[in-house]
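Visitor: would you be able to build a 3D model of this:
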Amino acid sequence: MKKDKIAIIGLGYVGLPLARLFATKYSVIGFDINNDRISELMLGIDSTLEVDKETLQSVLISKSSVSNGLFCTNQIEKIKDCNYYIVTVPTPVDKNNRPILTPLLKSSETVGTVLKKGDMVIYESTVYPGATEEDCVPVLENISGLKFNKDFYVGYSPERINPGDKEHTVEKILKVTSGSTPEAGEKVNALYKSVIIAGTHLAPTIKVAEASKVIENSQRDINIAFVNELAKIFNLLDINTHDVLEAAGTKWNFLPFKPGLVGGHCIGVDPYYLAQKAQENGYNPEIILAGRRLNDGMGDYVASEIVKCMIKKNISVNGSKVLVLGITFKENCPDVRNTKVIDLVNALKEYGTNITIHDPWADEDEVMQEYGIETIKQIPNEKFDAVVLAVSHNKFNEIDVLSLKNKNAVIYDIKNFLDNNLVDANL
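Guide: As a prediction, this is how the structure comes out:
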């Protein structure tokens, strides 16, 4: 019997950790259209920092072969003898928050050119319920000339990668699986079960698995929106929000969510996929979109609160110098995708402030390309009228915040990370 060979399409934050894991037991070909990404990976370097050099080098093989290990390439012909194709490309939204399926459909075209009878295509990208079978399968059929559920089958297993989290790695997170037929579902489940030590959950249909993914992050989004609204209320009442949450958290079933800027590739994006599908079917989701509106407005809100603090201290806002600590979408990782710190920065600029952004994790070139702003990796040797802790990187524990402030400067802590004795206000 032919040994299973797996192609991972897309080697980013989701695809590479998955490829590394499967490569411990299977022959894996990692495919990505970014040649620079392929070159760095074959040297054992992962710029996303999700897989360390030693771990990556331990599974790399120098050429495509039948032996276990990972070979990375941007050449389509290298993946033609695989029998499992796992698609892990991003599914973002556009400036109007409409889902962008282009990477997913282009990847389906790529797979369609090499698809053979008996092959299985598994999607991990976040989509609205129905996208796999209604949007991706027709592309596979059209390009390959094969018949769905007769010549080839599909599965869906939503990614649960948490960027920067070195404890909850891919093999330690229970995996939802599904297939286009009961037999295909069992096959997909068995494949993941062979490497996921946390176990698997076989959903009855692909649509169920797709829906489970979008509601995971929609639920988090709504809960964070709730505590963000609480923060606004308690600020008006001159009550420390974090003290309130700590007190309420003593009840066994109180959910420990915290206020903040909600960005990234999941929580700030996935609810729009569910909302669009609901609207296409005649239902206008109220709670989901209300949560999104509230969370998307937090950058402007925090900027206004910082300016109020400066005015109370008689600091001239126009022309003032503001240091923002952190630009990534979350702590202790280099991921700047859909970071909401940029909303805060842009709002502060509208008040006439001069912004300096320090982030030891973020790649300066990537931030410039994505947002058109400069960042610095080294702590600046100057004084500021306001210092804003936007991202709670552990490395910021090493900073003497007081040394960065002018005599009457404001220190605003969005993440409740700094010593409360040092800060003027937090969210």
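
Visitor: which residues touch the residue lying closest to Thr91 once chain neighbours are set aside?
Guide: Nearest residue to Thr91, sequence neighbours excluded (Cβ to Cβ, 6 or more residues apart in numbering): Ser125, at 4.7 Å. Just so you know, the C-beta spots here come from the backbone N, C-alpha and C atoms, and that holds for glycine as well. Residues in contact with Ser125, defined by Cβ atoms under 8 Å, 6 or more residues apart in numbering, are Val14, Val87, Thr88, Val89, Pro90, Thr91, Pro103, Leu104, Glu159.

Visitor: please apply the same query to Ile161.
Guide: Going by Cβ under 8 Å, 6+ apart, Ile161 touches Tyr13, Val14, Pro17, Glu50, Val170.

Visitor: for the stretch 251-400 of the chain, what spans make up the helices?
Guide: All helices of the stretch 251-400 of the chain, identified by DSSP state H, counting those that start in this stretch, fall at 270-280, 286-296, 298-312, 341-350, 364-371.

Visitor: need the contact list for the residue lying closest to Asn332 once chain neighbours are set aside.
Guide: Nearest non-adjacent residue to Asn332, counting by Cβ to Cβ, 6+ apart: Gly164, 4.8 Å away. Each residue near Gly164 by Cβ under 8 Å, 6+ apart is listed here: Leu49, Lys330, Glu331, Asn332, Cys333, Asp335.

Visitor: between those residues, which sits nearest Lys147?
Guide: Lys147 has its nearest neighbour among the contacts of Gly164 in Asp335, at 39.5 Å by Cβ to Cβ.

Visitor: if I look at the residue with the largest distance to the centre of the chain, how far off is Val176?
Guide: What lies farthest from the middle of the chain is Asn314; by Cα atoms, centre = their mean that is 39.6 Å. Going from Asn314 to Val176 by Cβ to Cβ, to the nearest Å gives 56 Å.

Visitor: same deal with Lys116?
Guide: Remark: distance between Lys116 and Val176 (Cβ to Cβ) = 27 Å.

Visitor: neighbours around the closest residue to Lys395 other than its chain neighbours, how many?
Guide: Spatial nearest neighbour of Lys395, chain neighbours left out: Pro360 (5.0 Å); criterion: Cβ to Cβ, 6+ apart. Around Pro360 there are 19 other residues, counting by other Cβ atoms under 10 Å.

Visitor: ok so, going back, helix or strand for the residue nearest to Thr91, which one?
Guide: Assigned by DSSP states H and E, Ser125 falls within no helix or strand.

Visitor: now Gly185: which helix or strand?
Guide: Assessed by DSSP H and E, Gly185 sits inside helix 182-193.

Visitor: report all helices and strands that whichever helix or strand comes after that helix contacts.
Guide: Using DSSP H and E, the helix or strand that directly follows helix 182-193 along the chain is strand 200-202. Packed against strand 200-202 by the contact rule (3 or more Cβ pairs under 8 Å, 6 or more residues apart in numbering; DSSP states H and E) you find strand 175-177, helix 182-193.

Visitor: and of the ones you listed, who's closest to Thr353?
Guide: With Cβ to Cβ as the criterion, Thr353 lies closest to strand 175-177 of the helices and strands packed on strand 200-202, at 45.1 Å.

Visitor: which non-adjacent residue is nearest Lys277?
Guide: Leaving aside its chain neighbours, Lys277 sits nearest to Tyr128 (3.8 Å; criterion: Cβ to Cβ, 6+ apart).

Visitor: so that neighbour is in contact with Asp270, correct?
Guide: No. Tyr128 lies out of contact with Asp270 (Cβ atoms under 8 Å); the separation is 9.2 Å.

Visitor: quick one: list the elements packing against the helix or strand Thr55 falls within.
Guide: Under the criterion of DSSP H and E, Thr55 resides in helix 53-59. If you count contacts as 3+ Cβ pairs under 8 Å, 6+ apart, helix 53-59 packs onto helix 15-22, strand 69-73.

Visitor: what are the buried residues along the shortest one?
Guide: When neighbours are counted by 16 or more other Cβ atoms under 10 Å, the buried residues of strand 69-73 are found to be Gly69, Leu70, Phe71, Cys72, Thr73.

Visitor: now do the contacts for the third one.
Guide: Looking back up the chat, that one is Phe71. Applying Cβ under 8 Å, 6+ apart to Phe71 gives the contacts Val28, Ile29, Gly30, Leu60, Ile61, Ser62, Lys63, Ser64, Ser65, Lys78.

Visitor: can you tell me which residues contact the first one?
Guide: With Cβ under 8 Å, 6+ apart as the criterion, the residues that contact Val28 are Lys5, Ile6, Ala7, Ile8, Ala19, Phe22, Val59, Gly69, Leu70, Phe71.

Visitor: ok, of the residues you listed, which one's closest to Thr356?
Guide: Checking the contacts of Val28 against Thr356 with Cβ to Cβ, the nearest one is Ala19 at 38.1 Å.

Visitor: that closest one: neighbouring residues, count only.
Guide: Ala19: 31 surrounding residues under other Cβ under 10 Å.

Visitor: could you measure from it over to Glu246?
Guide: Using Cβ to Cβ, Ala19 is found at 41 Å from Glu246.

Visitor: repeat for Ile287
Guide: As for Ile287, its distance to Glu246 is 26 Å (criterion: Cβ to Cβ).

Visitor: ok, now Arg160?
Guide: From Arg160 to Glu246 the distance is 28 Å (Cβ to Cβ).

Visitor: who's more crowded, these two?
Guide: Ranked by neighbour count (other Cβ under 10 Å), Arg160 and Glu246 place Arg160 first, with 17 against 12.

Visitor: which non-adjacent residue is nearest that one?
Guide: Closest residue in space to Arg160, ignoring its immediate chain neighbours: Ile173 at 4.6 Å, by Cβ to Cβ, 6+ apart.

Visitor: what number of residues lie near the one you found?
Guide: By other Cβ under 10 Å, 17 other residues sit near Ile173.

Visitor: where does it land on pLDDT?
Guide: pLDDT, Ile173: 96.

Visitor: domain ranges for this protein, per the record?
Guide: Under the assignment automatic domain parsing, the domains of the chain span 5-213, 238-426.
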